[in-house]
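S.K.: Based on what follows, work out the 3D shape:
(chains A, B, C and D)
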2 protein chains.
Amino acid sequence: MARAATTTDAFNAVAEPRRRQILDLLAGGERSVTELVELLDLAQPLVSKHLRVLREVGLVEVREEGRQRMYRLNGTPLKVIHDWVKTYEQTWSARFELLDDVLAELKEGEGDGDQ
Amino acid sequence: MARAATTTDAFNAVAEPRRRQILDLLAGGERSVTELVELLDLAQPLVSKHLRVLREVGLVEVREEGRQRMYRLNGTPLKVIHDWVKTYEQTWSARFELLDDVLAELKEGEGDGDQ
DNA sequence: TTGACATATACCCATATGGGTATATGTTTG
DNA sequence: CAAACATATACCCATATGGGTATATGTCAA
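M.R.: Alright, predicted model coming up:
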């Protein structure tokens, strides 16, 4: 097997910085492909490809408006990421790291009187 | 260019379900490689490889204990993910989705009396 | 010291990525 | 209708992934 497809889930889709950037831009409101191309300073086909990935995992939705396609954000699929990461939130609090050190020290001095 | 390396950042490291699983296990406390192999039901070299990726992005730390290596979690690198995703938290609240629909409807009826 | 155990590394392989460039498809304008 | 515009798709390519299996490295026990 190779690496999981980028369209597998939000985790994979969002691992690519460009796609995060696109979502960040769309957070400010609907955008056409051309607008995104300019804002990202990226070749149009690449933008279209990134948008396709985002669309496949449900992170963006499209609306046709003449010859333009207006993309807009749908953050819902990010919830799974949020929920998963949230579990570890305590991990990086100063208080927790302190506790961590204490536990490590206890473990160190566990089976030895000297050393 | 190909896809960014898994060791590029926490986003990429954590896109792989096995590695999330490993972190979830380590959240319950230190584990040796063999313990992880059993819990994951995965070949030992694969577990070692996943651990290496996690180590390179700082998500786990090792401690040598005889012939065993005890791995433990360090969630700190997950903070960037948390911070990023948190921005979109409102996006999936029912209230926000309602507002979203209203805005979409307004946009629909914007520039046309007929059509 | 030799063998068993624990872990890491070196390979082989199929796969899909992300960038690039060219082109197809569809829409509007003149 | 043709030309211009907006977007998507079809390719080509280098790359590293994740699984697999074999083996190197290091540590403990007999």
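S.K.: quick one: which helix or strand includes A:Ala4?
M.R.: Per DSSP states H and E: A:Ala4 is located in neither a helix nor a strand.
S.K.: Contacts only, for it.
M.R.: A:12, B:15-17 (CB atoms under 8 Å, 6 or more residues apart in numbering or on different chains). For glycine as for every other residue, the C-beta is placed from the backbone atoms N, C-alpha and C.
S.K.: avg pLDDT for the helix or strand containing A:Val53?
M.R.: Per DSSP H and E, A:Val53 falls inside helix A:44-56. For helix A:44-56, the mean pLDDT works out to 97.
S.K.: contacting residues around the residue nearest the centre of chain A?
M.R.: Residue closest to the mean C-alpha point of chain A, counted by CA atoms, centre = their mean, is A:Val14 at 3.7 Å. Contact analysis of A:Val14 by CB under 8 Å, 6+ apart lists A:20, A:23, A:59, A:78, A:81, B:11.
S.K.: Format those residues as a markdown table; extra columns: secondary structure.
M.R.: Below are the contacts of A:Val14 laid out as a markdown table (DSSP: H, G, I helix; E, B strand; the rest coil):
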| residue | secondary structure |
| --- | --- |
| A:Arg20 | helix |
| A:Leu23 | helix |
| A:Leu59 | coil |
| A:Leu78 | helix |
| A:Ile81 | helix |
| B:Phe11 | helix |
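S.K.: So which of the residues you listed wins on neighbours?
M.R.: Per-residue neighbour counts (other CB atoms under 10 Å in any protein chain shown) across these peak at A:Leu78, which has 26 neighbours.
S.K.: Say whether chain B is contacted by the helix or strand A:Tyr71 falls within.
M.R.: Element membership of A:Tyr71, judged by DSSP H and E, is strand A:68-73. Yes: Strand A:68-73 lies within reach of chain B by CB under 8 Å from any CB of the partner chain, at A:Leu73.
S.K.: how about the residues of chain A near chain B?
M.R.: So far as CB under 8 Å from any CB goes, chain A lies against chain B at A:3-4, A:6, A:11-12, A:14-17, A:20, A:23-24, A:27, A:30, A:73-76, A:78-79, A:81-82, A:84-89, A:91-92.
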